[in-house]
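Undergrad: Sharing a model that was predicted from the sequence below.
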Amino acid sequence: MISIIIPVYNMADKIGECLDSIFKQTNQDFEVIMVNDGSSDKFEEKIGPILEKLNYSQSVKVFNQVNQGAPSARNHGFKESTGEYLFFCDADAVLNPEALAILLEALNNHPEASYAYPSFMWGKKLFRIGEFNAEKLKAGPCIHTMSLIRREAFPVNGWDVSIKKLQDWDLYLMMLQENHFGVWVDKVLFNIKPGGNYSSWLPSFAYKLMPWLPGVKKYNQAMAIVKIKHGL
């Protein structure tokens, strides 16, 4: 079974599309665990009617916590999960109907791999990740949070709650230190809707030509923190 864990912060009006894409999966062997990370948009009041309207009220486990950030919310969801596979899904993502089935097939075909990751769309921007390469991973973030992970390969201490940005890069580097590798699926299996609260993206030229931008500064600071942690 796959445990789909969704951290949510102020996404009550947008989470429906994500959930709808999950429950339209061709592989229905999953559980959905949603962790409300202290939202201020009346999420606790809104989520019940949303789930009932979509007929998912009996199929989604919802947990609430004070705002601590996405890593903490994901760890909370992991502790409540029971699946042998983990899929940390962003609340602003819409999945291809065959996403889970294709990722699971990739792991079944590659027993040496600890996780399977696909290409994806960010709005209209295509991210075609490429074959797994440890040196490329060490050089910088390249694999999205939304991979299918074998439970036994997930780090003992979970997501590092002290890492505020580039948490996915940090996670895969922790797994690499334990000799856990990934396998790439050369298919676009989800689309991230711009405007979410946990993730952001700037065009590549901005990081080279616009170092004064707040987003670029935060990115560079986060890069330095993760590199120091992993001795890169």
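TA: Arrived safely, thanks for sending. Numbering: from 1, shown residues only.
Undergrad: How far does the host helix or strand of residue 51 sit from its chain's centre?
TA: Residue 51 is part of helix 43-53, with elements assigned from DSSP states H and E. Going by C-alpha atoms, centre = their mean, to the nearest Å, the spacing between the C-alpha centre of helix 43-53 and its chain's C-alpha centre is 22 Å.
Undergrad: change the start of the numbering to 477 and stick with it
TA: Renumbered: residue one is now 477, and that last one reads helix 519-529.
Undergrad: what's in contact with that helix?
TA: Applying C-beta atoms under 8 Å, 6 or more residues apart in numbering, the set of residues contacting helix 519-529 from outside is 484, 486-489, 491-492, 495, 510, 512, 533, 536, 538, 540. (C-beta placed from N, C-alpha, C; glycine too.)
Undergrad: ok, now with 10 Å
TA: Taking contacts as C-beta atoms under 10 Å, 6 or more residues apart in numbering, the residues outside helix 519-529 that touch it are 484-489, 491-492, 495, 508, 510, 512-513, 515, 532-536, 538, 540.
Undergrad: Tell me which of those fall in strands.
TA: With strands identified by DSSP state E, the entries of the contacts of helix 519-529 that belong to them are 484, 508, 510, 512-513, 536, 538, 540.
Undergrad: what is the mean pLDDT for stretch 663-679?
TA: Averaging pLDDT along stretch 663-679 gives 71.
Undergrad: what bridges to residue 510?
TA: Residue 510 forms beta bridges with residue 482, residue 538, as assigned by DSSP bridges.
Undergrad: ok, it touching residue 553?
TA: Yes: proximity of residue 510 to residue 553 meets the contact threshold set by C-beta atoms under 10 Å, at 7.6 Å.
Undergrad: one step back: can you pull the buried residues of the helix holding residue 527?
TA: Buried positions in helix 519-529, judged by neighbour count with 16 or more other C-beta atoms under 10 Å: 519, 523, 526-527.
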